[in-house]
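Undergrad: Give me coordinates for this.
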Amino acid sequence: MNIQQNVKKYLEILQECPLFEGVQMQEMESLLDCMGARMMAVGKGQTVFREGDPATAIGIVLDGMLQLSRQDYDGKRSIVAHLLGGDLFAEAFAFARHQVLPVTVTAEQDSCVLLLDSVKLSMCCCNGCQFHSRVIFNLLRISADKNVMLHRKLQILSKRTTREKLLAYLQQQALSCGSREFSIPYDRQALADYLEVERSGLSVQISKLCQEGVIACSRRHFQLL
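TA: You can find the predicted model right below:
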């Protein structure tokens with residue numbers, strides 16, 4: 001996609017992206033040009049990055065929804081995260097200098113993403129752009145926030161049983177939403193993949209918790225009782 005022709009319709013989304021906090025609307029097109037930005041349309045089920053691909057770009061979801069996942073040696077999938085408009089992905093590799101990506105990024109619906117050259121983003125350019133250093137600061141803060149999120153997932157996965165993992169996840173969601181009633185972004189299979197448990201065992205535990213009066217559940221909507 002031609003960046004100049006297509007970026008204007010997404011400027012408001014980009015300004016909501018934490019990476020561009022403090023960057024003025026009129027600076028955005030110059031900034032994107034400075035960072036070698038390009039746009040990419042992906043259909044549902046198509047792959048943006050594959051596990052093992054060279055880590056050369058940072059992505060921003062402009063429209064649609066993406067899924068980050070990894071696959072172990074026997075083909076079992078584990079969901080790392082879901083991404084919506086304005087969300088950033090693969091940003092850790094701008095500074096980590098990893099040669100390949102450890103996750104696969106797939107479109108869960110027709111989507112549009114913006115790709116930024118990771119080298120150009122992580123190094124201040126020769127033009128001395130005032131907004132460039134601001135973006136680097138934002139990137140460091142985002143990476144720190146995602147480390148916290150990773151720590152929270154590790155807390156869930158450290159639980160021994162499917163029941164404990166499920167309850168730990170639901171408690172985190174309730175705290176995050178500020179309510180004991182909330183919706184989650186996963187269907188049953190995706191939730192099982194996220195928790196790294198068997199779907200059948202997960203369904204059994206959800207039914208048991210409902211019968212015990214611990215939770216109420218309707219598809220993706222939960223309530224802690």
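Undergrad: Please pull out the lowest mean pLDDT helix or strand from the chain.
TA: In the chain, the helix or strand scored least confidently by mean pLDDT, DSSP states H and E is helix 3-6, which has a mean of 56.
Undergrad: for Gln172, what are its contacts?
TA: Residues in contact with Gln172, defined by C-beta atoms under 8 Å, 6 or more residues apart in numbering, are Arg152, Gln155, Ile156. Yep, even glycine has a C-beta here, placed from its N, CA and C like the rest.
Undergrad: any idea how far the closest residue to the second one other than its chain neighbours lies from Tyr194?
TA: Just to be clear, that refers to Gln155. Excluding its sequence neighbours, the residue lying closest to Gln155 (C-beta to C-beta, 6 or more residues apart in numbering) is Ala168, at 6.5 Å. Taking C-beta to C-beta, to the nearest Å as the measure, Ala168 and Tyr194 are separated by 12 Å.
Undergrad: Tell me which residues of the helix or strand harbouring the residue nearest to Gln155 come out buried.
TA: In the assignment (DSSP states H and E), Ala168 maps to helix 162-177. Across helix 162-177, burial judged by 16 or more other C-beta atoms under 10 Å covers Thr162, Arg163, Lys165, Leu166, Leu167, Ala168, Tyr169, Leu170, Gln173, Ala174.
Undergrad: tell me which of those residues is nearest to Arg134?
TA: Minimum separation from Arg134 among the buried residues of helix 162-177 (C-beta to C-beta) is found for Gln173, which lies at 32.2 Å.
Undergrad: Secondary structure of Gln26: a strand, I assume?
TA: No - with DSSP: H, G, I helix; E, B strand; the rest coil as the criterion, Gln26 is helix rather than part of a strand.
Undergrad: rewinding a little: okay if I get the contacts of Gln172 as a markdown table plus neighbour count?
TA: What follows is the contacts of Gln172, written out as a markdown table (neighbours: other C-beta atoms under 10 Å):
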| residue | neighbour count |
| --- | --- |
| Arg152 | 14 |
| Gln155 | 13 |
| Ile156 | 19 |
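Undergrad: Next, name the residue at the spatial heart of this structure.
TA: Geometric centre of the chain, nearest residue: Leu83, 4.0 Å, by C-alpha atoms, centre = their mean.
Undergrad: wait, isn't that one in contact with Asp63?
TA: No - using C-beta atoms under 8 Å, Leu83 is not in contact with Asp63; the gap is 11.4 Å.
Undergrad: This protein: strands as residue ranges?
TA: Remark: strands of the chain, listed N- to C-terminal, are 38-42, 47-49, 57-63, 66-71, 77-83, 88-89, 104-107, 111-117, 181-183, 215-218, 221-224; assignment by DSSP state E.
Undergrad: Now do the buried residues in the fourth one.
TA: Buried residues in strand 66-71, counting neighbours by 16+ other C-beta under 10 Å, are found at Leu66, Gln67, Leu68, Ser69.
Undergrad: what sits against the last one?
TA: Each residue near Ser69 by C-beta under 8 Å, 6+ apart is listed here: Arg77, Ser78, Ile79, Val80, Val103, Thr104, Thr106, Asp193.
Undergrad: Look up the residues forming beta bridges with it.
TA: Counting by DSSP bridges, Ser69 is bridged to Ile79, Thr104.
Undergrad: Please determine how far it is located from Ala190.
TA: When distances are taken as C-beta to C-beta, Ser69 and Ala190 turn out to be 9 Å apart.
Undergrad: hang on, the earlier thing: need the buried residues of helix 162-177 in JSON lines with distance to Gly201 and pLDDT, can you?
TA: Formatted as JSON lines, the entries for those read as follows, by distance: C-beta to C-beta, whole Å; pLDDT from 0 to 100:
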{"residue": "Thr162", "distance to Gly201": "5", "pLDDT": "95"}
{"residue": "Arg163", "distance to Gly201": "9", "pLDDT": "95"}
{"residue": "Lys165", "distance to Gly201": "10", "pLDDT": "95"}
{"residue": "Leu166", "distance to Gly201": "10", "pLDDT": "95"}
{"residue": "Leu167", "distance to Gly201": "14", "pLDDT": "94"}
{"residue": "Ala168", "distance to Gly201": "15", "pLDDT": "94"}
{"residue": "Tyr169", "distance to Gly201": "14", "pLDDT": "95"}
{"residue": "Leu170", "distance to Gly201": "16", "pLDDT": "94"}
{"residue": "Gln173", "distance to Gly201": "20", "pLDDT": "92"}
{"residue": "Ala174", "distance to Gly201": "22", "pLDDT": "93"}
